[in-house]
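In: Show me the folded form of this:
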Amino acid sequence: MAPRMNQCIDCGKLFSAAAEKKLCDTCLRSRMTREERVREAIESEGLETAHDIALAVGIPLDDVESIIDRLELPQKQIDPETLCARCKRVEAASGSPFCRECRTALDQEFGKAARMLEEKIAAAEKTQPAKLSGSGMSAREALEKKRLRTTDQGHSNFRR
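Out: The predicted structure is shown next:
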């Protein structure tokens, strides 16, 4: 009976192995070494974010995140790190998908867009001061009402 051949899921090399084995010996040793380095960074050095761990142990961030998911850590010691949705370079600020720098840049861009919209509305109202259908409000009044509603909810991105 010929030995069973598997293909390593990491390097693609064919190897003779038991049915359940998915990694060749070289890749298995490498994975175990990387997992031990990550575990040590967490337990000995007290690192808490995947980004910090990746920097400390010299392993790509994607690999560190994958290792963290596989490791059985007491009470999931790692806080899931969320990189900024815009720049993908730094950790997002608490309660936001963006870092502070990107949040500020976005707020400025939203402010510019709001001012441009207000200017277009003002110009349009000068030529045709039509009311929005069914509301009895002009476009400027509707925008101001929305701005007040958004501000009351604590989500205003408009700056004057």
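In: Now Phe15, what are its backbone angles?
Out: phi -150, psi 160 (degrees, to the nearest 10).
In: try Gln7
Out: The phi/psi pair for Gln7 (degrees, to the nearest 10) is phi -110, psi 130.
In: dump the residue contacts of it.
Out: 13-15 (Cβ atoms under 8 Å, 6 or more residues apart in numbering). Every C-beta, even on glycine, is put in place using the N, C-alpha and C of the backbone.
In: so where does Leu117 fall, helix or strand?
Out: Assessed by DSSP states H and E, Leu117 sits inside helix 100-127.
In: and that helix, how far from the chain's centre?
Out: 26 Å (Cα atoms, centre = their mean, to the nearest Å).
In: Mind listing what's buried along it?
Out: If you call a residue buried by 16 or more other Cβ atoms under 10 Å, then helix 100-127 has these buried ones: 102-103, 114, 118, 121.
In: Check stretch 90-98 too.
Out: By 16+ other Cβ under 10 Å, the buried positions in stretch 90-98 come out as 92, 98.
In: Can you measure across that stretch, start residue to end residue?
Out: Stretch 90-98 stretches 9 Å from its first residue to its last (Cα to Cα, to the nearest Å).
In: what's the angle from the helix or strand of the chain with the lowest mean pLDDT to helix 100-127?
Out: Least confident element among the helices and strands of the chain, by mean pLDDT, DSSP states H and E: helix 139-152 (a mean of 74). Interaxial angle, helix 139-152 versus helix 100-127 (axes from the mean of the first three to the mean of the last three Cα atoms, to 10 degrees): 150 degrees.
In: helices or strands up against helix 139-152?
Out: helix 100-127 (3 or more Cβ pairs under 8 Å, 6 or more residues apart in numbering; DSSP states H and E).
In: so what secondary structure elements neighbour the helix it packs on?
Out: By 3+ Cβ pairs under 8 Å, 6+ apart, helix 100-127 packs against helix 139-152.
In: Noted, bye for now.
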